[in-house]
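In: I would like to see how this sequence folds:
(3 chains)
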Amino acid sequence: MKPDELRGLAQKEQEARKSYRFRINVCCSSGCMPFGALRVLTAFRDAVREFKVEEECYVARTGCIGTCSLAPAVLVEPGDYLYQNVTPERAREIVKEHIVNGRPVKSMLYGNEAFFKKQLRVVLRNTGKIDPLRIEDYIAVGGYYALLKALTRMTPQGVIEEVALSGLKGRGGAGFLTGLKWRYVARAPGSPKYVIANLDEGDPGVFANRTLAEADPHAILEGMAIAAYAVGSQKGYIYVRSEYPLAVQTLKKAIEAAKSMGFLGENIFETSFSFDVELRLGAGAFVAGEETAILASIEGRRAMPRPRPPYPAQSGLWGKPTLVNNVETLANVPVILLKGSEWFSSIGSKNCTGTKCFSLTGKVNNPGLIEVPMGITLREVVFEIGGGVPPGRRFKAVQVGGPSGGFLPEQLLDLPIDYESLTKAGAIMGSGGIVVLDDTSCMVDTAKFFTEFCVDESCGKCTPCRAGLHKLFKILDGFTRGEGSVEDLSKVEDLCEFIKEASLCGLGQTAPNPTLTTLRYFRDEYVAHVMDKRCPAGKCFRSGGGGGVE
Amino acid sequence: MAKVRLATVWLSGCSGCHMSFLDQDEKVLELAEKIELVYSPIADVKDFPENVDVTLVEGAVGNEEQLELLKRIRRNTRILVALGDCAVNGNVTALRNSLRNSDEEVLKRAYVENASINQAAPKQVPRLLKRVLALNEVVNVDAYVPGCPPSAELINQVLNDLLEGRTPVLEGRFKYG
Amino acid sequence: MSKPIELTIDGRKVVAEEGETILKAAKKNGIYVPTLCYLEGVSSFGGCRLCMVEIKGSPRLFASCITPVAEGMEVLTDSERLRRYRKWAVELLLAERPHVCSVCVANGSCELQQLATELGVDHLRVDREWTDYEVDLTHERFAYDPNRCILCTRCIRVCDEVEGVHTLDLMLRGKNSKVVFDLDENWGFSQSCTSCGKCSAACPVGALYVKGKPLSEVKKKDLVSFIMERRSGK
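Out: The predicted structure follows:
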């Protein structure tokens, strides 16, 4: 494709979009599909024909709108009217009342304005508003312009500079400066070089990356192509979990479309830059999301991490310099190039720019997928966007960062969300999971639950993670059954410290976080278990267990 | 100076650690100057006494009687020493832990399957625990002397350390097995 | 010849070659670092965590068997923290499977047993696991007892990198990881095993052994480095 052709196509698509007075976006992501989103989509199309408004109302199959608990969700433009729990019957009513008669159906509208008010959508800029399966939709909203700009008006160093200036940090959890990582790969001797997009989101209750891939796959591809241009790579892999069938399907189609349009392949935009992307499916191990484990898995070996250094930037895939970025990081890149690093760094806080996607779940009134500027407080996320805990319940703790994220109590809710503050408090940014707990949860039991997850997901390579976590789990399990003493609490802390500092990769290094933070902020609950043999939340000791040694 | 009240106990083990204890040879005599042996398989005392300064416990905890005895020992002892691998980590005694329903299975194997007459598991003996336990799985232990058995020399050194009020440091001095 | 790198280990100035690991540099200079999964002659694994060292300027710990030296690096191979963590590592390995030294073929020539002595692991603070893996006696010359395996993968690396066969590998993950022959075949029925016995020579504990031979005769930790040195024509 030539630069002019892209402009022409975008213009044509924009005009086509304008020719419709209404646009009905039906979410067909993994969250809404099981609730009959496809039937709702058909119902809308039928209704539009039935009321003969095909000329003025376009029905689009889109990705996630964010309000996953109210599936299926439908967004009507203009005015962003969000309908919840839409059924085929209600779809017909919406067309009849809203489109034909111009009267939005108030009873079905999503009532919670606060959910969207504090959000800022950069990564999720297009989700829910474009059809992920139509590359033209992406082009219409400015898609592949950033790639065009990079290839025709910027040097690779210039691209890296721009990304570095934006302050963008890796969204996979560790928060390493993206620009710096790119520079390392660009400077590393050796060829070929590889770009890997990490879409191995294995955390329970986390679905931000999946949603992004299902709703806006081209943002990822464009980000990858720009990254490849910057670091001097011609080959990219998207490492995606096979448990994400819809994301896999969507990405497959997106890659095909991008290839046929010439955004991937040889001599992109008639420049000397060529770049090809392949999908690689994981086999369902949590640890495979670790950047060195990804390398092993793509090479066809057991997904086991290896110690760093050497970092993948020096010696990655097949020993070659490799850039591994999370898909959310990559999806930020096109926007940064188009709007500039200055614009990007004005969002968020000083040391932590931009936005972050979170999967907000647990005991909260408005669960869903959200994107917020960095530096927002946890209180705003939990109580304003999330609408607080269900009526009659009391907030107890919030877990930030997935299964190995720490639990933070009420008094830390005014903590700003950024890498440093979270790590200091014992939590992590991680993959962006926020789980809210109310007073019905027992913190000892919860720590045990997440430790068990990590025991199951440990690859078994290093002693602290493999053997240490298992012992930790058994001790915690004993606590919930009335075993243990106060002295055991310091033993647990000692063991946790060992696992945290001596483990080989991020899984082991962060796995003790739930235990350590609950011990730090909810120690009284542990003491109640081991001293009084009592569970304040009434969760433990139920199976008639207890009783110390056999 | 009052003599130190020493006890030695034999739980589930082969008595090899006691043999090793006696292997101190002439040093037992030196020891006898400093201690009063208040309870031991080699002394005829029925009940574990009160106010014991140091107790050496050989063997793992295999049955209910031993479980009770160990708790009593802990209550009545200032310094409790796990003597030998069985006491320290279960060792051979605990090998049955790898079997399912080992408390019944081992009795069956010994008294039924391998017996030519009177094929029946004994009834008049203390019940076996589901799982053999090392001492520190039941009570707090103050010092550990691993070995199968620990050498007479090591036992002597540890005892002298304790008698002279030092905490024994075993780094580099012991050997499991 | 690669260029020399100067660094300090435990306060001593030492010179190492570029690309060399910290462990190798330490060994060459007579500085002892405890190791377990490390085996001279095959690739490093970095799993046991015994050889961890501190590097000034980083809060992290580094497996010295795999971390390359760098100019001006200040390495500490011994500290209160390192000793505490090494103790935990040995303790957890001992507790992970039923290691009963008194009935083990490796008694007296076992590296794990030796490390326990050295580091003063005179008891376990955590409960022991009593796994009941079947012992594989199907091979006419060798035996494999998974209950004694510490998952150091020395055997796997030797089989793959020295014998070039890769009969051995890991199955399952986490605490359930198990070293297996071919696709979890009994050793005696393995189609790929050449019965060379290098795995038994490399095993630091009593998991792989030669039937009817005392381990003191079987264990040849230097065998692999000897072979590799000869092959490289040094």
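
In: at the contact with chain B, which residues of chain C appear?
Out: Within chain C, the positions adjacent to chain B are C:94, C:98, C:100-104, C:107-108, C:113, C:116-120, C:122-125, C:127-128, C:130-132, C:147 by CB under 8 Å from any CB of the partner chain. The C-beta positions use only the backbone N, C-alpha and C, and glycine is treated the same way.

In: so which of the residues you listed sit within helices?
Out: Under the assignment DSSP state H, these contribute C:Leu94, C:Gln113, C:Ala116, C:Thr117, C:Glu118, C:Leu119 to helices.

In: list of residues touching the helix or strand encompassing B:Gln157?
Out: Assessed by DSSP states H and E, B:Gln157 sits inside helix B:152-163. Residues external to helix B:152-163 that are found in contact with it (CB atoms under 8 Å, 6 or more residues apart in numbering or on different chains): B:4, B:17, B:20-25, B:27, B:31, B:34-35, B:54, B:56, B:79, B:81, B:83, B:143, B:145, B:147, B:167-168, B:170, B:173-174.

In: ok, the residue most central in space within chain C - contacts?
Out: With distances taken as CA atoms, centre = their mean, C:Cys37 lies nearest the centre of chain C, 1.9 Å away. Listed by CB under 8 Å, 6+ apart, the contact partners of C:Cys37 are C:Phe45, C:Gly46, C:Gly47, C:Cys48, C:Leu50, C:Cys65, C:Cys152, C:Thr153, C:Arg154.

In: break chain A down into its domains, please.
Out: Chain A resolves into domains spanning A:14-117, A:142-345, A:355-438, A:443-530 when parsed by automatic domain parsing.

In: to clarify, my last question referred to chain C.
Out: According to automatic domain parsing, the domains of chain C span C:4-78, C:85-231.

In: buried subset of the residues of chain C next to chain B?
Out: Among the residues of chain C next to chain B, the ones that count as buried by 16 or more other CB atoms under 10 Å in any protein chain shown are C:94, C:98, C:100-102, C:104, C:107, C:113, C:116-117, C:119-120, C:122-125, C:127-128, C:130-131, C:147.

In: do me a favour and average the pLDDT over the helix or strand where B:Val38 lies.
Out: In this structure, B:Val38 is located in strand B:35-39 according to DSSP H and E. For strand B:35-39, the mean pLDDT works out to 96.

In: now do the following helix or strand past that strand: distance to the chain's middle.
Out: Going down the chain from strand B:35-39, the next helix or strand is strand B:52-58, by DSSP H and E. Shown here is strand B:52-58, whose average C-alpha point lies 9 Å from the average C-alpha point of the whole chain (CA atoms, centre = their mean, to the nearest Å).

In: strand B:52-58 pairs with which strands?
Out: Here strand B:52-58 has these sheet partners by DSSP bridges: strand B:4-10 (parallel), strand B:77-83 (parallel).

In: quick one: least confident helix or strand in chain A?
Out: When the helices and strands of chain A are compared on mean pLDDT, DSSP states H and E, helix A:114-117 comes out lowest with a mean of 89.

In: contact partners of that helix?
Out: A:Gly66, A:Thr67, A:Asn366, A:Gly368, A:Ile370, A:Glu384, A:Ile385, A:Gly387.

In: try stretch B:98-115
Out: Taking CB under 8 Å, 6+ apart as the rule, stretch B:98-115 contacts B:96, B:118-122, B:127-132, C:98, C:130-132, C:147.

In: before we move on, the earlier item: mind putting the strands paired with strand B:52-58 in TSV, mean neighbour count and mean pLDDT included?
Out: As requested, the strands paired with strand B:52-58 are arranged in TSV below (neighbours: other CB atoms under 10 Å in any protein chain shown; pLDDT from 0 to 100):
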stretch	mean neighbour count	mean pLDDT
strand B:4-10	21	97
strand B:77-83	23	98
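
In: and A:Val147, what does it touch?
Out: Rather than Val, residue A:147 is Leu. Applying CB under 8 Å, 6+ apart, one finds that A:Leu147 lies in contact with A:Glu222, A:Ala225, A:Ile226, A:Tyr229, A:Phe263, A:Ile268, A:Phe269, A:Pro334.

In: how about 7 Å then?
Out: Each residue near A:Leu147 by CB atoms under 7 Å, 6 or more residues apart in numbering or on different chains is listed here: A:Glu222, A:Ala225, A:Ile226, A:Phe263.

In: what's the burial count for residue 42?
Out: By default, I'm working from chain A. Residue crowding around A:Thr42 was assessed by other CB atoms under 10 Å in any protein chain shown; the count is 15.

In: my bad, chain C
Out: Using other CB under 10 Å, the number of residues around C:Val42 comes to 21.

In: so which strand or helix has it?
Out: Assigned by DSSP H and E, C:Val42 falls within no helix or strand.

In: if we can go back for a sec, mark which of the contacts of helix B:152-163 are buried, thanks.
Out: The neighbour-count criterion (16+ other CB under 10 Å) marks B:4, B:17, B:20-21, B:24, B:31, B:35, B:54, B:56, B:79, B:81, B:83, B:143, B:145, B:147, B:168, B:170, B:173-174 among the contacts of helix B:152-163 as buried.

In: just want the residue of chain B that's nearest chain A.
Out: Checking chain B residue by residue against chain A with CB to the nearest CB singles out B:Lys130 as nearest, at 4.3 Å.

In: run a quick neighbour tally on that residue.
Out: Neighbours of B:Lys130 using other CB under 10 Å come to 13.

In: now C:Glu217
Out: The burial metric for C:Glu217, expressed as a neighbour count using other CB under 10 Å, is 9.

In: I'd like to know how far it sits from chain B.
Out: 18 Å (CB to the nearest CB, to the nearest Å).

In: what pLDDT does that residue get?
Out: For C:Glu217, the model assigns a pLDDT of 78.

In: so how far is chain A from it?
Out: C:Glu217 sits 29 Å away from chain A when distances are taken as CB to the nearest CB.

In: pull the CA atoms of the strand or helix carrying that residue into PDB?
Out: Under the criterion DSSP H and E, the helix or strand holding C:Glu217 is helix C:215-218. Coordinates of the C-alpha atoms in helix C:215-218 are reproduced here as PDB (Å, rounded to 0.1, in the frame of the first residue of the first chain):
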ATOM      1  CA  LEU C 215      28.300 -45.000  45.100                       C
ATOM      2  CA  SER C 216      31.800 -44.000  46.100                       C
ATOM      3  CA  GLU C 217      32.900 -45.900  43.000                       C
ATOM      4  CA  VAL C 218      30.100 -44.800  40.700                       C
END
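
In: tell me the contacts of whichever residue of chain B sits closest to chain C?
Out: Using CB to the nearest CB, the single residue of chain B nearest to chain C is B:Gly177, 2.6 Å away. When the contact criterion is CB under 7 Å, 6+ apart, the partners of B:Gly177 are B:Asp85, B:Cys148, C:Cys101, C:Ser102, C:Cys104, C:Asn107, C:Gln113.

In: go with 6 Å
Out: B:Gly177 makes contact with B:Cys148, C:Cys101, C:Ser102, C:Asn107, according to CB atoms under 6 Å, 6 or more residues apart in numbering or on different chains.

In: looks to me like it is in a strand.
Out: No - residue assignment for B:Gly177, taken from DSSP: H, G, I helix; E, B strand; the rest coil, gives coil, which places it outside any strand.

In: would you mind measuring from it to A:Ala537?
Out: Plainly put, B:Gly177 is 46 Å away from A:Ala537 if you go by CB to CB, to the nearest Å.

In: before we move on, what about B:Val52?
Out: For B:Val52, the distance to A:Ala537 - CB to CB - is 43 Å.

In: ok, A:Asp46 next?
Out: Applying CB to CB to A:Asp46 and A:Ala537 gives a distance of 50 Å.

In: quickly list what the residue nearest the centre of chain B is bridged to.
Out: Nearest to the centroid of the C-alpha atoms of chain B, with distances taken as CA atoms, centre = their mean, sits B:Glu58, at 1.5 Å. With beta bridges defined as DSSP bridges, B:Glu58 has these partners: B:Trp10, B:Leu83.
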